[in-house]
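A.B. asks: need coordinates for the following:
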Amino acid sequence: MPILRPLTFSPYTRSILQLRHTRLPALPRISPYTSAFTMTKRNSATGTNDANDVDMTAVDQGSKKPKICDDVFAYPKDEYTIECDFLKNSRFEILYMATRARAEVPRMLLEYVGANYSSATPVDWPAGKKETPFGLLPVLTHVKPNGEVFTVPEVPALTRYLGRLFGLTGKNFEEDAILDACFQSATDNILNVLLMEVWMKPDPKNKECIDTAFEKLVPIFDGFERYLAANGSNGYLLGEKTTFSDFPIYDWLEHFYKEYPENAKALVSETVRPSIYKLYKRFDSNPRIRAYIDGGRWEYRPASPMISLYSTGVIVSNWDEAFEFYNKKLGLKCVRNVEVGGDGGRYAEFVVNEQEKTRFTIYTSCKDTEIPKHNGGISFTVRSVKDTHDGLVKKGVSSKMGPTKMPWGEMAQVADPDGNVLTLNSGP
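C.D. replies: Residues are numbered from 1 along each chain as shown. Below you'll find the model as predicted:
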């Protein structure tokens, strides 16, 4: 018969069991472990301060009593001030594509607290995947005052990391569980509904698809409403303090009100789920958040609605002659050749090489879409101005200006059969 031994625990295990629902003490310092991953586009951080890492006790936002000037903040408790020297002297970088998507929540959080941060885009992607922890973006880099670099991948992890640093978390396990649930639902569940019901459909603007999506969003927003109502319907998930889970809820609503205004108003308004609406208005009136949105959001996306140059081109009179000139003599690759309107109208797009995003177009009008004739001016970068110019002249291309020295380098000009001037420039 086996001998029964009394159950014993190590001192460490006993200490864990004794915690039960008590609050864990704040960690005095950040973890000494740092990521080995770096981005080749960014120079290695070299700190000038040789002092050891300073106290990293999380900022208790709720205990601060900020000074309110001229009633700028509609919600005074949202005037966040960084009081910890460690965070004042820290720098952050969010590496992501030049779009909102998955990086907008951590960007907005850093704007809210007034942190020293920058948005960056990868120089060489997808080749740069191997230099990130999981081959995915976004990635957060925290450069500490002493020059130590800590890298965090994955949106939930990096957002929670920022939340803990800046005191935007709960005060116990139960509160943190609520925040985690709301954050997960806002970042994943809402996204999944939009992906399946709208963005992956043949026509993402189809009203029926959009209506179906918003019907499926109702249970999710009912959940947010219950948590907010349980907290007093004051616009906060916990007490009267902003938490990291508030940001994705606001970010979605801000997007909905702009892209699907009627559906958004039916989902959340002053009378429909009013507790969520208070959270929305609280963020929307925050001066830092407002300035961030109105100012163009980040340096890689100016306030202008234009994203990039799609194409530039010329109008031609003889389609066959022009097509042979640009395709055969200049050696441009045709990526689109379509009939426009009727009775002879044609449109074509060319690229210099497979990597070129900007298209060169030629267009000949038809009777229904007559366009005034004019000569355009297009500039190409070439490896050798003289060789390119002389080679085209040998093919019968008309020269307008031979290779000439300019302040920026060398240039020459030739003309197509319609007289459109094409400039040949030396590379930078």
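
A.B. asks: I'd say Ile190 and Pro219 touch.
C.D. replies: No: counting by CB atoms under 8 Å, Ile190 stays clear of Pro219, with 11.0 Å between them. In this view, the C-beta of every residue, glycine as well, is placed from N, C-alpha and C.

A.B. asks: more neighbours: which of these two?
C.D. replies: Ile190 (21 against 11; other CB atoms under 10 Å).

A.B. asks: which SSE is immediately downstream of the one helix or strand that one maps to?
C.D. replies: Ile190 belongs to helix 190-194 when assigned by DSSP states H and E. Per DSSP H and E, helix 190-194 leads on to helix 207-230 as the next helix or strand towards the C-terminus.

A.B. asks: and that next one, how far from the chain's centre?
C.D. replies: 25 Å (CA atoms, centre = their mean, to the nearest Å).

A.B. asks: show me what it is packed against.
C.D. replies: helix 173-184, helix 190-194, helix 261-267, helix 274-284 (3 or more CB pairs under 8 Å, 6 or more residues apart in numbering; DSSP states H and E).

A.B. asks: distance from the longest one to the middle of the chain?
C.D. replies: I take that to be helix 173-184. Counting by CA atoms, centre = their mean, helix 173-184 comes out at 25 Å from the chain centroid.

A.B. asks: and that helix, which residues are buried?
C.D. replies: 175-176, 178-180, 182-183 (16 or more other CB atoms under 10 Å).

A.B. asks: one more: the second one?
C.D. replies: By neighbour count with 16+ other CB under 10 Å, helix 190-194 contains the buried residues 190, 193-194.

A.B. asks: got the contact list for it?
C.D. replies: Outside helix 190-194, the residues that touch it by CB atoms under 8 Å, 6 or more residues apart in numbering are 213, 216-217, 220, 248, 252.

A.B. asks: wait, Tyr117 touches Leu87, no?
C.D. replies: No: contact criterion CB under 8 Å: Tyr117 and Leu87 do not qualify, at 11.2 Å.

A.B. asks: residue ranges in the stretch 1-150 of the chain under the pLDDT threshold?
C.D. replies: Scanning the stretch 1-150 of the chain for pLDDT under 70 picks out the ranges 1-74, 76.

A.B. asks: can you tell me the SS state at Gly135?
C.D. replies: Assigned with DSSP: H, G, I helix; E, B strand; the rest coil, Gly135 falls in the coil class.

A.B. asks: is it in contact with Gly128, as I believe?
C.D. replies: No: at 9.0 Å, Gly135 does not count as touching Gly128 under the criterion of CB under 8 Å.

A.B. asks: who's more crowded, these two?
C.D. replies: Gly128 (17 against 11).

A.B. asks: any idea what sits nearest that one, other than its immediate chain neighbours?
C.D. replies: Nearest in space to Gly128, with sequence neighbours left out and distances taken as CB to CB, 6 or more residues apart in numbering, is Pro122 at 4.7 Å.

A.B. asks: what is the burial count for the one you found?
C.D. replies: By other CB under 10 Å, neighbour count at Pro122 equals 19.

A.B. asks: for it, give me phi and psi.
C.D. replies: Torsion angles at Pro122 (phi, psi; degrees, to the nearest 10) stand at phi -70, psi 140.

A.B. asks: so it sits against Leu136, correct?
C.D. replies: No: using CB under 8 Å, Pro122 makes no contact with Leu136, being 11.4 Å away.

A.B. asks: columns pLDDT on top of the buried residues of helix 190-194, output as TSV?
C.D. replies: Output for the buried residues of helix 190-194, formatted as TSV (pLDDT from 0 to 100):
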residue	pLDDT
Ile190	95
Val193	96
Leu194	95
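
A.B. asks: out of the residues you listed, who's nearest Ala229?
C.D. replies: Ile190 (19.4 Å; CB to CB).

A.B. asks: how near is the closest one to Val218?
C.D. replies: 11 Å (CB to CB, to the nearest Å).

A.B. asks: rewinding a little: of all the helices and strands packed on helix 207-230, which one is nearest Met97?
C.D. replies: helix 190-194 (16.1 Å).

A.B. asks: burial count for the residue lying closest to Ile276 once chain neighbours are set aside?
C.D. replies: Excluding the flanking residues, the one nearest Ile276 by CB to CB, 6+ apart is Val268, at 4.9 Å. Other residues within reach of Val268, judged by other CB under 10 Å, total 25.

A.B. asks: now do Leu158
C.D. replies: For Leu158, using other CB under 10 Å, the count is 23.

A.B. asks: repeat for Ala266
C.D. replies: Neighbours around Ala266, by other CB under 10 Å: 14.
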